[in-house]
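1. return atomic coordinates for the entry below.
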Amino acid sequence: MPSPAHQNPQNRRIDWPGILRTLLVQVLVLSALAWGFVRYVDWSSDQAWAEFSRAVVVEPAPKAQPQSATPVHSVKDKTPCVRRI
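-> Predicted structure coming up:
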């Protein structure tokens, strides 16, 4: 292929097949990268969900104990605080 410096200015033309090949390769590479990114996000979210599911153990709620009628500790001579205005 002759160098561009030796070409006749009247003979220059656009290489459309070369441009189309370049665009096709760029679209294919971009598509492959996008597909890989989507697969990675899907895989990582599946892994995170599995890890979360293993970490969360659902235990049955303990049975409520009946409340006693008398308090455990009684308060002795506790007067309420007086607010200052």
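2. next, the buried residues of the host helix or strand of V27.
-> Under the criterion of DSSP states H and E, V27 resides in helix 16-55. By neighbour count on 16 or more other Cβ atoms under 10 Å, the buried set for helix 16-55 is empty. C-betas here are computed from N, CA, C, even on glycine.
3. I'd like the numbering to begin with 20 instead of 1 from here.
-> Will do, 20 is the new start, and the previous item becomes helix 35-74.
4. rounded mean pLDDT for that helix, please.
-> What helix 35-74 shows for mean pLDDT is 94.
5. next one: phi and psi at R102?
-> phi -80, psi 140 (degrees, to the nearest 10).
6. S50 versus that one, what's the distance?
-> According to Cβ to Cβ, to the nearest Å, R102 stands 71 Å off from S50.
7. just D61 next, same as before
-> Distance of D61 to S50, computed by Cβ to Cβ: 16 Å.
8. do the same with K82
-> In terms of Cβ to Cβ, K82 sits 58 Å off from S50.
9. what do you get for R31?
-> 33 Å.
10. do D34 as well
-> Distance from D34 to S50, by Cβ to Cβ: 24 Å.
11. with R103 instead?
-> Counting by Cβ to Cβ - R103 and S50 are separated by 74 Å.
12. with Q66 instead?
-> For Q66, the distance to S50 - Cβ to Cβ - is 25 Å.
13. ok, L43 next?
-> As judged by Cβ to Cβ, L43 and S50 stand 11 Å apart.
14. over to R32?
-> Taking Cβ to Cβ, one finds R32 at 30 Å from S50.
15. now for Q45: which residues touch it?
-> Q45 makes no contacts at all, as judged by Cβ atoms under 8 Å, 6 or more residues apart in numbering.
16. give me the pLDDT value at A88.
-> Here, the pLDDT recorded for A88 equals 63.
17. again with P21
-> For P21, the predicted pLDDT is 57.
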